[in-house]
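> Got a sequence here, can you build the structure:
(one chain, ligands or ions: 1)
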Amino acid sequence: MNTSSRISPQAKAWIITGPTSGIGRRAALEMAPHGTLVLVGRDPGRLHEVENEINARPGGHAVSVVCDFADLESVRRAAVHIVALGLPIAGLLNNAGISPAQAVQTAQGWDLAFTTNHLGPFVFTEALIPHLPDGANVVFTCSAVEDPERKPAVAAGFRGARYVSAEASLRGEWLPGGASMPGLDAYATSKQCNLATVFAFARETPRLRFNAVEPGFNPGTGLSRDANAAVRFLLKYVTAPLAPFVKYWSTPKLAGRMIAKVLTDESGSTGVYYDETGRPMLGSVQIRDAEFSDRVVAETRALLADISSQAS
Ligand SMILES: NC(=O)c1ccc[n+]([C@@H]2O[C@H](COP(=O)([O-])OP(=O)(O)OC[C@H]3O[C@@H](n4cnc5c(N)ncnc54)[C@H](OP(=O)(O)O)[C@@H]3O)[C@@H](O)[C@H]2O)c1
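The predicted structure follows:
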């Protein structure tokens, strides 16, 4: 791939993960006028479609980096590749994510949602942090389903995040009393870990900014790809058109616009969690406890060190 002809040397660069579908794709399109986009995804064909779409726009500059967030070696290679591009990175959007309906494991037997949604982006972000200039903005696409008090999420079957420990999460074990559909606890817990990462990193590294967004319920994105055909049809063609009119709901276009605003915000805010309208919001009682988010981050680092030592 000849990336150099696609890179604008003066412009800022923005890393966007999960730009091949749903919210991330719309966020990438919204970010296109702001500089060079580094599109990070697992499927080269889908990545190149978005890359070509952006490069066909006047002033559009995008390059693709292949990365599977469920594979930590792939994540480390992608971070090295991005650093080697030598771009003036102004921001990173950690948006790639999955929500499997069932408990699914990686080839190593790790919980797939926890690995893809939390461990992969955590490793990616930690690998990039030393290379980010002061003031760079790191944003995570989180989810209010981590909050057991969030009524619409409870109505949809969620019981909030069920964190026991990072090790237990890797094994797919959650606090008892969770959702009847097994995948929901994994998803809610992994998204709470994203929020914990934002809040703890914001305290640890004040030279950078770390913020979180709750994009709203966006029916009809690829996140519900595990649902049966009838549910997918309903979400895409019946529920999605209602989204702009329902509280807490959104569309990829609106969410992408809100995310682009947060990612390019120059106010210096850090450790802020924004709702689907771009206003600051509160997370669950648990995630508001700084000790808890520090514990999640410390346990994640210990787990990753353990995994690395077992691999070597
Ligand atoms: N939709 C909602 O209602 C909602 C609500 C709250 C939060 N969110 C969050 O918003 C984010 C985007 O979700 P979405 O609704 O836009 O879903 P989506 O349409 O399925 O998009 C997910 C993106 O993540 C990528 N991805 C998934 N697994 C990956 C992996 N192992 N490695 C690399 N990339 C991977 C997908 O790539 P492929 O195209 O290759 O599959 C896709 O680009 C997620 O973090 C989700 O948790 C969504």
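> Now the closest residue to the ligand within the stretch 101-250 of the chain: closest residue in space, sequence neighbours ignored.
Going by Cβ to the nearest ligand atom, the ligand is nearest to G222 of the stretch 101-250 of the chain, at 2.8 Å. Glycine gets a C-beta too; all of them are placed from N, C-alpha and C. The shortest distance from G222 to any non-neighbouring residue, by Cβ to Cβ, 6 or more residues apart in numbering, is to S21 (4.1 Å).
> looking at it, the one you found is touching S224, isn't it?
No: taking contacts as Cβ atoms under 8 Å, S21 lies outside contact range of S224: 11.3 Å.
> From I307, how far off is H81?
To I307, H81 is 21 Å away according to Cβ to Cβ, to the nearest Å.
> Could you do S143 as well?
25 Å.
> what number of residues lie near V246?
When counting by other Cβ atoms under 10 Å, one arrives at 13 neighbours for V246.
> OK, contacts around it?
Listed by Cβ atoms under 8 Å, 6 or more residues apart in numbering, the contact set of V246 reads F217.
> Let me know whether stretch 138-149 sits next to the ligand.
Yes: judged by Cβ under 6 Å from any ligand atom, stretch 138-149 and the ligand are in contact via T141, S143.
> got the buried residues for that stretch?
Residues V138, V139, F140, T141, C142, S143, A144, V145, E146, D147, P148 are the ones in stretch 138-149 that count as buried (16 or more other Cβ atoms under 10 Å).
> element containing the second one, please.
Spelled out, it's V139. strand 137-141 (DSSP states H and E).
> Note down every partner strand of that strand and its orientation.
Neighbouring strands of strand 137-141 in its sheet, by DSSP bridges, are strand 89-94 (parallel), strand 209-213 (parallel).
> any chance of these in JSON lines, plus mean neighbour count?
Below are these laid out as JSON lines (neighbours: other Cβ atoms under 10 Å):
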{"stretch": "strand 89-94", "mean neighbour count": "26"}
{"stretch": "strand 209-213", "mean neighbour count": "26"}
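> close enough to count as contact, G183 and P100?
Yes: G183 is within contact range of P100, at 4.5 Å (criterion: Cβ under 8 Å).
> Now for these two: what residues contact both?
A113, D226.
> Show me which of the buried residues of stretch 138-149 is closest to E276.
Of all the buried residues of stretch 138-149, A144 has the smallest distance to E276: 8.9 Å, by Cβ to Cβ.
> Identify the residues contacting that closest one.
Counted by Cβ under 8 Å, 6+ apart, A144 has contacts R150, A153, E214, Y248, D275, M281, G283.
> how near is the second one to T17?
In this view, A153 and T17 are 23 Å apart by Cβ to Cβ.
> Next, the buried residues of stretch 196-205.
Buried-residue list, stretch 196-205, by 16+ other Cβ under 10 Å: A196, T197, V198, F199, A200, F201, A202.
> Also stretch 222-229?
Within stretch 222-229, the residues that qualify as buried are G222, L223, S224, counting by 16+ other Cβ under 10 Å.
> Could I get these in CSV, plus columns for secondary structure, distance to R162 and pLDDT?
Below are the buried residues of stretch 222-229 laid out as CSV (DSSP: H, G, I helix; E, B strand; the rest coil; distance: Cβ to Cβ, whole Å; pLDDT from 0 to 100):
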residue, secondary structure, distance to R162, pLDDT
G222, helix, 24, 90
L223, helix, 19, 92
S224, helix, 21, 84
